[in-house]
Each structure stands twice: as C-alpha cells, then as structure tokens.
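In: Here's a sequence, model it:
(one chain, ligands or ions: 2)
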Amino acid sequence: MREAGRRLGLVHQQIAGEIRAGMSTMDVNRIGEQLILDQGCIPSCKNYEGFPAAFCVSVNEEVVHGIPSDGRILAEGDIVSLDTVLSYKGYHADATRTIPVGKVSKAARLLIERTRESFFVGMRKAFAGRHLHEISRAIGDYAKGFGYGIVRDYCGHGIGADMHEDPEIPNYRQWRRGIKLKPGMTLAVEPMINMGTGNVVWAEGNDWTAMSADMSLSAHYENTVLITDGKPEILTITDDEREAGYLDLF
Ligand code: MF3
Ligand code: CO
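Out: Numbering: from 1, shown residues only. Ligands and ions are numbered 1, 2, ... in the order given. Predicted structure coming up:
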C-alpha cells in the first residue's frame, strides 16, 4: 500500500504541472494514464464497472466521475478535479486533487484550499483508538463553517486489495460513532465540497457524472491514509505538499 501510494503521489505531482487552458479533458486523461503506466502501475478506474478512462476529470460544477472527452476544453479560470486509482502488486491507492487552470477567482482558490484543509483537519482524528466518524464530523464541521455545501451522496471508503472496501466514510456528522480505528487500516478519505448546495444531480446521457444541483463550483481532495500507532501516514501525499508543510497540520 505504501508503494502504491508513493507512486500515485508522484503521478499527481507530475500531472498538476501539465494542466493548462486549451487542453481537453481527454488530453488530461491520456497524460495521466501514461504517468500511471510509467510508474509500472495499472489504472484501476479503466473499465471499472464500465468507466471508460483511467482518470475521472471533473470541471467546475462537476463533483465527481467526470468522463474525459475530446470536446471538453479547459479554459483559464476553470477548476478541474483529477481523481484516479492505480494498483501496484495487487494493492490500490486512490487520490484526487483539484487544480486551478491558470488564474482563478479568489472564491475558487479558497474553495480548493479549504477542501484540502478539511481533509487535514479530519486527519487530526485519524488515530488508533478513536472512532471513524470523528474524522467525518471534523471534515464536515470545518467545511460547514465557511457556509459550503457538503456532498452527501458520495463518501470515502476503505481501500486495499479492492478499490472500494468497507467502511464507508461520510464527510459529515453522524449520529453513531462508526468503527474503532486500528493500526494497519487503510482508508481513502475524500471530502467533496461545493460552493453552494451540497445536493447533486446527475448528467443526462451518462450514468456517472454528478454535478452540484445549483451549478456552483465543486472541489474534491482525497488521499489514501494508513492508520498507525502514531500519526496517520498520508500514503499519496505529493512532494509539493510535503514541502508546503501540510503534514504539520495534524
Ligand atoms: N475515487 C473514485 C471513487 O472512489 C474513483 C472511482 S474510479 C471509477 O469513486 F472508475 F469508478 F470512476
Ligand atoms: Co475514492
């Protein structure tokens, strides 16, 4: 799991530097798929329950599971979420980053930053002996504090030999505490946060893509995490994030 995560961190580190206005979302997928293959890994999303690509590429109001397309061209000011899973020696790692295309509005930049921060605030609870929904509550309460909408139709999940394993990991407060966290558990924690309502609608014409119901911007941030005897290990952290000091936020 560590090695799968490290390789996915490298993929995200590299693809973030490739995103620019004028590219299609299919260009993004092509570059990303090649980076996964160059790491000696398998793109787990491709053909997963019929999903046609290695990356989910979701633009602006698209929340999750955007299908790459030659006709969808990124423009200056867009935000784009890159969500992908790879496997290495039979183990999966899952991570998402939302990337600004060129210069974006201050509101968009803050949405991206605070979505990422909500993940790290969640990590303050990702300690053995605590309960899973302490993470959920920390994430949701943090995002709610800004008046954002928290997506409830999608959750994080356990991950390992399968891409999606138990337990589900909601990004909002529950009325039950969830399982007790134990060293060795590997979790994909993935807040999806909207500028407006957290409600989603699904695109006409495909069974995958979810959009914010009010067409407001949506950001997504995800890492695969290992619960340990001490601090959680963020297996899919990128070098830029490590250098920026995100690991000191929890
Ligand atoms: N991180 C996404 C998820 O957990 C990736 C799914 S791959 C797809 O749902 F093939 F289902 F799109
Ligand atoms: Co996931």
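In: longest single helix anywhere in this structure?
Out: helix 106-123 (DSSP state H).
In: Please see if it touches ligand 2.
Out: No. Helix 106-123 stays clear of ligand 2 (CB under 5 Å from the ion), getting no nearer than 12.1 Å. For the C-beta atoms, the positions are set from N, CA and C on the backbone; glycine is no exception.
In: And stretch 188-207, by the same measure?
Out: Yes. Stretch 188-207 lies within reach of ligand 2 by CB under 5 Å from the ion, at Ala188, Glu190.
In: so how far does that stretch reach from one end to the other?
Out: End-to-end distance of stretch 188-207 (CA to CA, to the nearest Å): 23 Å.
In: what is the mean pLDDT for it?
Out: When pLDDT is averaged over stretch 188-207, the result is 95.
In: which ones are touching the closest residue to Gly77 other than its chain neighbours?
Out: Closest residue in space to Gly77, ignoring its immediate chain neighbours: Val104 at 5.4 Å, by CB to CB, 6 or more residues apart in numbering. By CB atoms under 8 Å, 6 or more residues apart in numbering, Val104 lies in contact with Gly77, Asp78, Ile79.
In: Just name the closest of those residues to ligand 1, please.
Out: For the contacts of Val104, the minimum distance to ligand 1 (CB to the nearest ligand atom) is 17.3 Å, reached by Ile79.
In: The closest one pairs with what?
Out: Counting by DSSP bridges, Ile79 is bridged to Pro100.
In: Could you tell me which residues of the chain lie near ligand 1?
Out: Residues of the chain found near ligand 1 (CB under 6 Å from any ligand atom) are Cys45, Tyr48, Phe51, Cys56, His65, Asp83, Val85, Asp94.
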